[in-house]
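# Next input, structure requested:
(one chain, ligands or ions: 2)
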Amino acid sequence: MSISVSEDWQAYPAPAKLNLFLHVVGRREDGYHLLQSVFQLIDLADTIHMRLRPDDQIVHHNPLPDVPAETDLTVRAARLLQTFSGVQKGVDLRVDKRIPMGGGLGGGSSDAATVLLVLNRLWGLNLSRKVLMELGLKLGADVPFFIFGRNAFVEGVGEQMKEIETPDCAYVVLHPPVHVSTPAIFKDERLTRNTPLVKMRGLNDIDCRNDLQAVALGQHPLIAEYLAWLSQFGTARMTGSGSCVFTRCASQGDADRVISRLPDDMTGYSVRSVKQHQLREFASDC
Ligand SMILES: C[C@](O)(CO)[C@H](O)COP(=O)(O)OP(=O)(O)OC[C@H]1O[C@@H](n2ccc(N)nc2=O)[C@H](O)[C@@H]1O
Ligand SMILES: Nc1ncnc2c1ncn2[C@@H]1O[C@H](COP(=O)(O)OP(=O)(O)OP(=O)(O)O)[C@@H](O)[C@H]1O
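Ligands and ions are numbered 1, 2, ... in the order given. Okay, the predicted model is just below:
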């Protein structure tokens with residue numbers, strides 16, 4: 001799947017995710033945390049434009065203001081794949097960001113996953129999903145999920161996943177304008193790391209809370225104001241390490257109505273759940 005924008009450039013989607021719940025169940029010796037979470041794909045997405053180059057350069061044409069090209073996860077993903085495969089091919093990249101950065105929506109990780117999936121095809125590498133997921137984990141804990149490409153119950157540090165049925169529904173997502181540092185949340189001494197392990201049968205049996213939320217609210221009180229406003233319309237919760245908060249709505253119309261009542265100084269999105277990543281078939285399962 002791709003959407004043509006010109007003869008050479010092709011456009012590819014990089015969807016965001018919500019963590020429908022997120023439990024911290026332990027900590028590894030290297031400091032990384034063991035999690036249990038359900039990851040839900042949503043239709044809020046960045047667009048990555050890519051074009052094959054006649055040489056082996058990887059060129060980012062519109063780096064983000066605060067992220068130098070060399071540290072952008074799209075460039076890092078392309079370089080990692082180039083080094084791993086030994087391929088002598090290059091790519092031009094442009095990224096249209098729509099997913100708020102540092103919002104717990106996994107935007108950077110999804111951008112990286114899209115680059116890995118697309119270059120696997122454009123460079124003719126034919127690497128398996130498993131290999132791409134292992135490579136992706138080197139870039140970030142959420143990258144394997146986007147390569148897996150289906151809603152999932154995720155364990156470990158973010159690398160073990162099982163496909164799961166999730167409700168087909170609408171969500172309202174609000175973006176408090178604070179940049180949450182994921183390492184600072186995980187390092188915080190107030191974080192509880194001993195939530196009992198759950199067996200995943202269905203979402204209804206689970207205490208759907210986010211263990212990172214109390215810590216994020218402690219560090220950024222503004223998130224609590226957004227949660228309070230959204231709680232008028234349903235149970236509201238933070239995604240990932242924040243700052244975004246979300247609630248489920250009965251219909252897209254309901255979600256749109258919530259957004260229409262948003263105070264002028266708040267930013268939010270009416271989104272839908274997505275069943276599968278549109279680029280899932282760019283990696284094979286064998
Ligand atoms: C919390 C989640 O948002 C859930 O989706 C993600 O697991 C975070 O993923 P991410 O933003 O891609 O984070 P990474 O870049 O992999 O890790 C940032 C930092 O968060 C901490 N970190 C992250 C994931 C994890 N399972 N345990 C951790 O302790 C580590 O200090 C790490 O250095
Ligand atoms: N292509 C990219 N898009 C967004 N952020 C990027 C990108 N490349 C590098 N980054 C860096 O990664 C940081 C985290 O970005 P991201 O938007 O993925 O956070 P997040 O949504 O909180 O992620 P998560 O849900 O995985 O915790 C940014 O602040 C930025 O410095």
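# residue with max distance from the center of the chain?
In terms of distance from the mean C-alpha position of the chain, residue 54 ranks first, at 31.4 Å (CA atoms, centre = their mean).
# any idea how far it is from residue 88?
Applying CB to CB, to the nearest Å, the value for residue 54 to residue 88 is 11 Å. The way it works is simple: take the backbone N, C-alpha and C, and place the C-beta from them, glycine included.
# what does residue 9 give?
Residue 9 sits 22 Å away from residue 88 when distances are taken as CB to CB.
# doesn't residue 147 make contact with residue 129?
Yes. Between residue 129 and residue 147 there is a contact at 6.2 Å, judged by CB atoms under 8 Å.
# Pull up the overlap in contacts between the two.
Counting by CB atoms under 8 Å, 6 or more residues apart in numbering, the residues touching both residue 129 and residue 147 are residue 283.
# Of those two, which one has the most company?
The neighbour comparison of residue 129 against residue 147 (other CB atoms under 10 Å) goes to residue 147, with 29 against 21.
# you'd agree the more buried one is in a helix?
Yes. Using DSSP: H, G, I helix; E, B strand; the rest coil, the assignment for residue 147 is a helix.
# Which of the helices or strands spans residue 125?
According to DSSP states H and E, residue 125 maps onto no helix or strand at all.
# which residues in the stretch 151-286 of the chain form helices?
Assigned by DSSP state H, counting those that start in this stretch, the helices in the stretch 151-286 of the chain fall at 182-187, 213-219, 222-230, 252-260.
# ok so, going back, any idea how far the residue farthest from the centre of the chain lies from ligand 2?
Remark: distance between residue 54 and ligand 2 (CB to the nearest ligand atom, to the nearest Å) = 25 Å.
# got it, and residue 190?
Distance from residue 190 to ligand 2, by CB to the nearest ligand atom: 18 Å.
# can you check residue 20 too?
Distance from residue 20 to ligand 2, counting by CB to the nearest ligand atom: 13 Å.
# same deal with residue 112?
Using CB to the nearest ligand atom, we find residue 112 at a distance of 7 Å from ligand 2.
# residues near that residue, how many?
For residue 112, the count of nearby residues is 30 (other CB under 10 Å).
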